[in-house]
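Asks: quick one, what's the 3D model for this:
(3 chains)
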Amino acid sequence: MILYDYVLSASCYKIRLMAAVLGKPLSLRAVNFHPAREHKSAEMLALNPKGTLPVLQDDDLVLTDSADMLRYLTADRREWRSPQDDQWLAFASGLNDSLGLARLHDILGYEADIDAARASGVTALRELEAHLTDQRFDGVGFLTGATPTIADIACFPNTALAPDGGVVLDAYPSLRLWMRAIRSLPGFIEMPGIHRLHELAHPA
Amino acid sequence: MTAATDNHWYPVAMVSGIDAPRETWLLGKKITLGRDNGACWVRDAAGNPLTVTERFGHLWTSPGQPNRALFTIPEADTPGRRLVDVGSVRVKCSPLRAVENFLDIAHFPFVHTDILGAEPHTEVDRYDVRIAEDVDEVWATKVKFFQPQAAKSASGGITTEYMYRVPAPTCAVLYKTCPPRPGEWDIITLFVQPLTEEWCEVWPWMALYDDASTMAEMVSFQQLIFMQDRSILENQIPRKLPLDPGMEVPTQADMTSVAYRRWLKKIGYTYGAQLVAA
Amino acid sequence: MNWIAVGLKQDLPLGVVIPSRIEDTELAIWRSASGEVRAWSDRCPHRGMRLSHGFVRGNALSCIYHGWQYSENGSCAYIPAHPKLTPPDTICVPTYDCAETDGVIWAALQKPLGAPPAVSSRRPVRSMPVARSARAIAAYFNAPQSTFLEIGSDFDVALALQPCTAAHCVVHALAARGADRKAVSRWLEALRSDLEESAP
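Replies: Numbering: from 1, shown residues only, chains lettered A, B, ... in the order given. Here you go, the predicted structure:
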């Protein structure tokens, strides 16, 4: 499987992370999204006319929607699926439009109504925090139950990267514990802005 | 704002990225830049043209009267190097903090884990630092550090040697052992555009010997590294760089930083600096 | 000086550090492997990095930037760049009084007077950021000087207020032991909406 990838993209990271925790190897093709805008190159547009990243290619199959990619990667791993996933995949897409946009604005100077993007990001974070707090009252730590599913992988990147876009995460304890649980998963990989749990390292 | 700040060259754009005129900030003031008939220009808020020069893939300008030409990097012109436009990243920190972090190796095992450093290889040996009076630059040489993956072209850990150079208050040049070409140095720069005293745009640029990687791979490697630094830079208190001793605690590993701060004070460069301990 | 609630026990497991603040003082609250809770200044003396971004190993807190390690009294115990060096005593993080009672973590910037507020038979429900100042919330409940409000309501709610900025605070909510915590949570969210909508 080939992932056309941009190292700073939260959506590309979703797919890298999913594959990593599943133990499925991906062949990464770096795309110069910034500054060269290679995702809009003729070669990439031939693969994905939408001109977006990530793109996942498995032989003849080409997927251009990250939710579809998460479903595809877990098609043979039912423990990573829940009936509630779809609503959270839609929620994750909303996070990309709010927190994700704020991040692109703050890092790469994208045009955005930054106050509106951050405000709707905060609304979404509050909703996520309320839900995860309820889950904890029920004694479970992930969005749909006691174990993670594609719902968690989909919502994690833009949530954890919120500070990149000027949205603080300081006062969301349930989000913090949930993110910590994801960072503790076997096979977890980091991306810039989301570091590993150094406490788990065992220096000589 | 003072002559000590105005009379320097600052990067404001990648030459290859200039198409339609656009606004940006320099030293807390709006400027506009663009290109007409192939020639790049920069204007201040009142529409007055500012002096410009194009070098190292970037457009440079100055709001004042630079008393010398933009620094050179002669090694970058040697044939066989690939010149890498890395693009830019905006950071909410002092431009001086961004430069100082670039001069620091002791953070590699914790911030660039398993790439530029890894526990337990954390020790920083003594290296040489001087302020080169003839050229008025800060130089650190004989800097050595263990790196698990020194560059995109590197496989496996090696002890890498570095030289650091600060040729201008908001610019730093790193010369680094080049795995495929023993005896040569890769060149990695950090050009920082001070948008305000606490907000900057960072333009890394590289001149590498690397025939194995794609351009996109070299760009993404450097963006990965710098974005790992960004989450540090946005969380240092205060945002400005303290120049007076007492507010932060340097050790022997921080000799380059100590020299950089001393040099900034000597040349009177205080934009983005905190002078009195809060 | 009063004790101020800065977090709930349920949100701070062993070996975890979290950011917090009391007004302009930013805090790193952390729990060691042996269970002790500490409230420290959220700033590494080396380069000013926030310690709340760091990590806990055993009974020490390390800075994420250069791995400087601080033992439980706040003094620097280890500098990875110089493994053979014994750090001088002068390198230390300012520490504050910290107490944990009835599931609430309290800190005091100056020597506290007496014990933290008694929460009586209530238990913690959740902490929640609110876009109003602590003073405004206290005034809303006609107790302008207080940081511990016993509201009553069906759930016998009490709010421990953590003043942050002129526009923000964190509310640590407790309720009667038998109360349905999800229902309390909805009640709190409605209260937050009221508070934020009543902002001038």
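
Asks: sec struct for the residue lying farthest from the centre of chain C, please.
Replies: Distance from the C-alpha centroid of chain C peaks at C:Lys84, with 35.1 Å (CA atoms, centre = their mean). Assigned state for C:Lys84: coil (three-state reduction, DSSP: H, G, I helix; E, B strand; the rest coil).

Asks: packing partners of the longest helix anywhere in chain A?
Replies: Identified as the longest helix of chain A according to DSSP state H is helix A:114-137. Counting contacts by 3 or more CB pairs under 8 Å, 6 or more residues apart in numbering or on different chains; DSSP states H and E, helix A:114-137 is packed against helix A:85-95, helix A:101-108, helix A:150-160, helix A:173-183, helix C:181-197. Any C-beta I mention is one placed from the backbone N, CA and C, and that applies to glycine too.

Asks: ok now the longest one, how far from the chain's centre?
Replies: The one in question is helix C:181-197. Distance, stretch centre to chain centre, for helix C:181-197: 21 Å (CA atoms, centre = their mean, to the nearest Å).

Asks: what sits up against that helix?
Replies: A:126, A:130, A:133-134, A:137, C:125-126, C:128, C:130-132, C:136-137, C:140, C:153-155, C:157, C:171, C:173, C:175 (CB atoms under 8 Å, 6 or more residues apart in numbering or on different chains).

Asks: in PyMOL, select just the buried ones from those.
Replies: Buried residues within the contacts of helix C:181-197, by 16 or more other CB atoms under 10 Å in any protein chain shown, are selected in PyMOL with:
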select buried, (chain A and resi 126+130+133+134+137) or (chain C and resi 125+126+128+130+132+136+137+155+157+171+173+175)
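
Asks: among the contacts of helix C:181-197, which ones are in helices?
Replies: Those of these lying in helices (DSSP H): A:126, A:130, A:133-134, A:137, C:136-137, C:140.

Asks: I'd like these laid out as a markdown table, including pLDDT.
Replies: Shown next, in a markdown table, are those (pLDDT from 0 to 100):
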| residue | pLDDT |
| --- | --- |
| A:Arg126 | 98 |
| A:Ala130 | 98 |
| A:Thr133 | 98 |
| A:Asp134 | 98 |
| A:Phe137 | 98 |
| C:Ala136 | 96 |
| C:Ile137 | 96 |
| C:Tyr140 | 94 |
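
Asks: for B:Glu54, which of the helices and strands packed on helix A:114-137 is the nearest?
Replies: In terms of CB to CB, the element of the helices and strands packed on helix A:114-137 nearest to B:Glu54 is helix A:101-108, at 22.5 Å.

Asks: would you mark the buried spots in that closest one?
Replies: A:101-107.

Asks: quick one on the thing from earlier: could you say which of the helices and strands packed on helix A:114-137 is packed most deeply?
Replies: helix A:150-160 (a mean of 27; mean count of other CB atoms under 10 Å in any protein chain shown).

Asks: that helix packs against which elements?
Replies: helix A:10-22, helix A:66-73, helix A:85-95, helix A:114-137, helix A:173-183.

Asks: can you check what angle separates the first one from helix A:66-73?
Replies: To tie it back to what came earlier, the one meant is helix A:10-22. 10 degrees (axes from the mean of the first three to the mean of the last three CA atoms, to 10 degrees).

Asks: other residues contacting the next helix or strand after helix A:10-22?
Replies: Toward the C-terminus, helix A:10-22 is succeeded by strand A:27-30 as the next helix or strand (DSSP states H and E). The contact list for strand A:27-30, computed with CB under 8 Å, 6+ apart, reads A:1-7, A:16, B:214, B:216-217, B:219-220.

Asks: now stretch B:128-142
Replies: Residues from elsewhere that reach stretch B:128-142 (CB under 8 Å, 6+ apart): B:71, B:103, B:127, B:161-167, B:255-256, B:258-260, B:262-263, B:266-267.

Asks: end to end, how far does that stretch reach?
Replies: Length of stretch B:128-142, first residue to last, CA to CA, to the nearest Å: 6 Å.

Asks: flag every buried residue along it.
Replies: For stretch B:128-142, using 16+ other CB under 10 Å, the buried residues are B:129, B:131, B:137-140.

Asks: how about stretch B:141-150?
Replies: B:143, B:145-150.

Asks: where is pLDDT lowest across those?
Replies: Ranked by pLDDT, the buried residues of stretch B:141-150 bottom out at B:Ala150, which scores 59.

Asks: and the closest residue to B:Lys240 other than its chain neighbours, bridged to which residues?
Replies: Nearest residue to B:Lys240, sequence neighbours excluded (CB to CB, 6 or more residues apart in numbering or on different chains): B:Gln274, at 4.0 Å. Judged by DSSP bridges, the bridge partners of B:Gln274 are B:Pro242.

Asks: so who does B:Gln274 touch?
Replies: By CB under 8 Å, 6+ apart, the contact set of B:Gln274 is B:238, B:240-244, B:247.

Asks: so which of the residues you listed comes closest to chain C?
Replies: B:Pro238 (6.7 Å; CB to the nearest CB).

Asks: tell me where chain C has helices.
Replies: Under DSSP H, chain C gives helices at C:134-140, C:181-197.

Asks: what angle sits between the longest one and helix A:114-137?
Replies: Counting by the same axes, to 10 degrees, helix C:181-197 lies at 160 degrees to helix A:114-137.

Asks: so B:Pro66 is in which element?
Replies: Here B:Pro66 is assigned to no helix or strand, by DSSP H and E.

Asks: returning to what we had before: which one of the ones in helices among the contacts of helix C:181-197 is nearest chain B?
Replies: Nearest member of the ones in helices among the contacts of helix C:181-197 to chain B, counting by CB to the nearest CB, is A:Arg126, at 22.8 Å.

Asks: which residues touch that closest one?
Replies: A:Arg126 touches C:Glu189, counting by CB under 8 Å, 6+ apart.

Asks: can you confirm A:Lys50 is in a helix?
Replies: No - counting by three-state DSSP, A:Lys50 falls outside a helix, being coil.

Asks: let's have the helices and strands packed on helix A:114-137 in TSV, adding mean pLDDT.
Replies: What follows is the helices and strands packed on helix A:114-137, written out as TSV (pLDDT from 0 to 100):
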stretch	mean pLDDT
helix A:85-95	98
helix A:101-108	98
helix A:150-160	98
helix A:173-183	98
helix C:181-197	97
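
Asks: rewinding a little: got a quick PyMOL command for the buried subset of the contacts of stretch B:128-142?
Replies: Only the buried entries of the contacts of stretch B:128-142 go into this PyMOL selection, using 16+ other CB under 10 Å:
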select buried, chain B and resi 71+103+127+162+163+164+165+166+167+255+256+259+260+263
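
Asks: looking at the contacts of stretch B:128-142, which are in helices?
Replies: Per DSSP H, these map to helices at B:255-256, B:258-260, B:262-263, B:266-267.

Asks: for the residues you listed, which one is nearest chain C?
Replies: B:Met255 (11.1 Å).

Asks: quick one: residues contacting the closest one.
Replies: B:127, B:129, B:140.

Asks: any idea how far it is from C:Ser71?
Replies: Applying CB to CB, to the nearest Å, the value for B:Met255 to C:Ser71 is 27 Å.
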